[in-house]
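> fold the following and give me the result.
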Amino acid sequence: MLLGVIADDMTGATDVALMLNRAGMRTVQVIGAPRQGATLPDADAVVVALKSRTNPVAEAVADSLAACEALLAAGARQILFKYCSTFDSTAQGNIGPVADALMQRLSAETAIVCPAFPANGRSIYQGYLFVGAVPLHESSMKDHPLTPMRDSNLMRLMGAQTKAAVGHVDYATVLAGAEAVKARYARLAGEGVRYVVTDALTNDDLMVLGASVAGHRLLTGGSGIAMGLPQNFRADGLLGERAAPASLSAPSGRAGILSGSCSAATRGQIAAATAAGYPALKLDPLALASGAQTPGALVDWALAQPAQAPFLLYSSDDPAEVGAIQQKLGRDRAGEVVEHAFAEIARRLVAGGVTRLLVAGGETSGAVVQGLGVKTLAIGPEIDPGVPWTRVVDGPELVVALKSGNFGAPDFFVKAWRLLD
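Presented below is the predicted three-dimensional model:
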């Protein structure tokens, strides 16, 4: 193994695995913190998908360190801590505490902080994170039900979560090339800076930054930073050329969509799917909590729909409605009810002959994969930037796409199936 990746949620893991796979690294995704002594798959890169974005800090740190130990034992030369391109977190973490623990374990002098992903509209300029044309705190992320983002300055955001000093590599330095960036790292390290926010507006910038971190023990950021890492291993003669897959062979069977994301992007995709004639039914968290709506009844409805088009089961709603439900059930209880329902729905759907499943939302994806008992995913073709189809390696005959709520074009739910043979 050359590169080990620790991802803080399921969709983020498939996102970065796709990036590496597309760049020619044989990449496998494993689910959950590996047990002590566990053997990881043989690959150029292994991505460990955790559910640590919103877990208690101590649990997130422990799982991340367990993943790090397994990756190091398998030979990883470099560790990437992957989090969302919108830096999803609270002032207490979990990005800072996990990064601190990994930095200590790896004896890393500095680590970059780079959630930029230009292909999905995430860019960093003067240390500020932008979503499209607006700062992060003016985007729809300001109303995220779990991690509302009310600031766009990455130095402040990271600085609130760690006692270590946070510095900045500005865009002019990035444009000057990898050697200039390396020199800036060295100067900042001499000043006691441990974390370095790096500007990036384009994929070319990410390639420069990738070259600048060759030999770094620890990196932190979004999947975009992974774009520039394979070139370093190739330059050292450790990695050959390999083409990314253009399609994926899928088992015959039913197709369905499960959506728990409440992002504006996913709500638009739901609207496009229903406009295209996909049968759709909404989960009601209050009815699920009271027993008036059950996973079994929802699955019965789904499997009774015509097989010509995928069915859609969704809990996605606008922020105001989500907030009203959280007030009635409690924030944690509301999330648990929906996640438990989706996990049970997924189990019943697969038992009922569904073999092609598209899941939207990080928390929902984690619940579905854990509910199905899936431990390993092979990475397939890219549907949209950051979202591949994957094949289950060690479980039911199933292909699955795990989509971050914010990712994908409006027609994502409609066009995804064209890549399946």
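> quick check: which element contains the nearest residue to Gly228 once chain neighbours are set aside?
Nearest non-adjacent residue to Gly228, counting by C-beta to C-beta, 6 or more residues apart in numbering: Gly210, 1.6 Å away. Glycine gets a C-beta too; all of them are placed from N, C-alpha and C. Per DSSP states H and E: Gly210 is located in helix 203-212.
> and that helix, what does it pack against?
Counting contacts by 3 or more C-beta pairs under 8 Å, 6 or more residues apart in numbering; DSSP states H and E, helix 203-212 packs against strand 111-114, helix 171-175, helix 178-190, helix 230-235.
> follow-up on the earlier one: wouldn't the residue nearest to Gly228 be in contact with Phe233 here?
No. Using C-beta atoms under 8 Å, Gly210 makes no contact with Phe233, being 10.6 Å away.
> ranges for the strands of the stretch 51-200 of the chain?
For the stretch 51-200 of the chain, the strands defined by DSSP state E, counting those that start in this stretch cover 78-82, 111-114, 122-125, 128-131, 134-135, 165-169, 193-198.
> returning to that earlier point: residues contacting the residue nearest to Gly228?
225-229, 231-232 (C-beta atoms under 8 Å, 6 or more residues apart in numbering).
> and with 7 Å instead?
Residues in contact with Gly210 (C-beta atoms under 7 Å, 6 or more residues apart in numbering) are 225, 227-229, 231-232.
> show me which of the residues you listed is closest to Arg122.
Minimum distance to Arg122 across the contacts of Gly210 is 11.2 Å, recorded for Ile225 (C-beta to C-beta).
> tell me if the closest one really is in a strand.
No. Counting by DSSP: H, G, I helix; E, B strand; the rest coil, Ile225 is not part of a strand but helix.
> output stretch 316-330 as CSV, nothing but the C-alphas.
Only the C-alpha atoms of stretch 316-330 are listed here, as CSV (Å, rounded to 0.1, in the frame of the first residue of the first chain):
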residue,chain,number,x,y,z
SER,A,316,-35.3,15.0,2.4
ASP,A,317,-37.0,18.2,3.4
ASP,A,318,-36.3,21.9,3.6
PRO,A,319,-34.4,23.3,6.7
ALA,A,320,-37.5,24.8,8.3
GLU,A,321,-39.4,21.5,8.3
VAL,A,322,-36.4,19.6,9.5
GLY,A,323,-36.0,22.0,12.3
ALA,A,324,-39.6,21.7,13.3
ILE,A,325,-39.3,17.9,13.4
GLN,A,326,-36.1,18.1,15.5
GLN,A,327,-37.9,20.4,18.0
LYS,A,328,-40.6,17.7,18.4
LEU,A,329,-38.3,14.6,18.6
GLY,A,330,-35.0,16.1,19.6
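> count the neighbours of Ala111 for me.
If you count neighbours by other C-beta atoms under 10 Å, Ala111 ends up with 26.
> what helix or strand is the closest residue to Gly253 other than its chain neighbours located in?
Using C-beta to C-beta, 6+ apart and skipping the chain neighbours, the partner closest in space to Gly253 is Thr355 (3.1 Å). Here Thr355, judged by DSSP H and E, is contained in strand 354-360.
> worst-scoring helix or strand of this structure, pLDDT-wise?
Least confident helix or strand, the chain: helix 319-329 with a mean of 87, by mean pLDDT, DSSP states H and E.
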